[in-house]
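Visitor: Pasting the sequence and the predicted coordinates here, then a few questions.
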Amino acid sequence: MTLETIAAEHSRLQEAVLNRDWESLEEQIRALQGRAKDAGTLEEQRKATYGRLRQMLGLGPEESFFELLCLLDEEERAELASLYRGLKIAVMRVASANGGLEAYVQSSTETIQAVLKELYPERKGTIYSRTGRIQGHDDRAFVVNQSL
């Protein structure tokens, strides 16, 4: 499992949202949940390995990753620095894809809420019960006639 795999699955998730393919969306969510568990396990392994390397080199918690690199020989330093850059780039790709999808979903949600507020002005504001608790609005279903 790589972050590129997660990014590809995230792209399929985004495509399912944009196409309003809800069955595919559910499949992608389940797949990404499994990948998230795998990524969590790998991250724990990475942390443990990094901690052992720091301990082997006699570094304390205050020394940075780049100080650790300086203690390695040239070949190991180049390989570890390359892996670090690759990881950072992959994380940024996944984060930007996630940010784009989040912005789209938030914008769509806000638009739908604005339309519903215009259609049902009586639902604006907070409604309280006789006991002072916040009471939800009556969520009546409505049908949109698309045959026009």
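Guide: Alright, I've got the coordinates.
Visitor: Please pull out the lowest mean pLDDT helix or strand from the protein.
Guide: strand 127-128 (a mean of 75; mean pLDDT, DSSP states H and E).
Visitor: right, and the helix or strand after that one?
Guide: strand 134-135 (DSSP states H and E).
Visitor: Check which helices and strands that next one is in contact with.
Guide: strand 127-128 (3 or more CB pairs under 8 Å, 6 or more residues apart in numbering; DSSP states H and E). Yep, even glycine has a C-beta here, placed from its N, CA and C like the rest.
Visitor: looking at this structure, which residue ends up farthest from its center?
Guide: residue 130 (40.6 Å; CA atoms, centre = their mean).
Visitor: Pop out the phi and psi values for that one.
Guide: Phi and psi for residue 130, reported as degrees, to the nearest 10, are phi -60, psi -30.
Visitor: Which pLDDT value belongs to it?
Guide: Per-residue pLDDT puts residue 130 at 83.
Visitor: For the strand or helix carrying residue 101, give the mean pLDDT please.
Guide: Element membership of residue 101, judged by DSSP H and E, is helix 74-119. On average, the pLDDT along helix 74-119 is 88.
Visitor: Next: stretch 11-29.
Guide: On average, stretch 11-29 scores 88.
Visitor: and it, C-alpha only, in CSV?
Guide: Provided in CSV are the C-alpha atoms of stretch 11-29 (Å, rounded to 0.1, in the frame of the first residue of the first chain):
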residue,chain,number,x,y,z
SER,A,11,-9.7,10.4,-7.1
ARG,A,12,-12.2,7.6,-7.7
LEU,A,13,-14.1,8.8,-4.6
GLN,A,14,-14.1,12.4,-5.9
GLU,A,15,-15.3,11.1,-9.3
ALA,A,16,-18.2,9.2,-7.6
VAL,A,17,-19.2,12.4,-5.7
LEU,A,18,-19.1,14.5,-8.8
ASN,A,19,-21.1,11.9,-10.8
ARG,A,20,-23.5,11.4,-7.9
ASP,A,21,-22.8,7.6,-8.1
TRP,A,22,-23.8,6.8,-4.6
GLU,A,23,-23.1,3.0,-4.8
SER,A,24,-19.6,3.6,-6.1
LEU,A,25,-19.2,6.3,-3.4
GLU,A,26,-20.0,3.8,-0.7
GLU,A,27,-17.5,1.3,-2.1
GLN,A,28,-14.8,3.9,-2.3
ILE,A,29,-15.5,5.0,1.3
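Visitor: Many thanks, have a good one.
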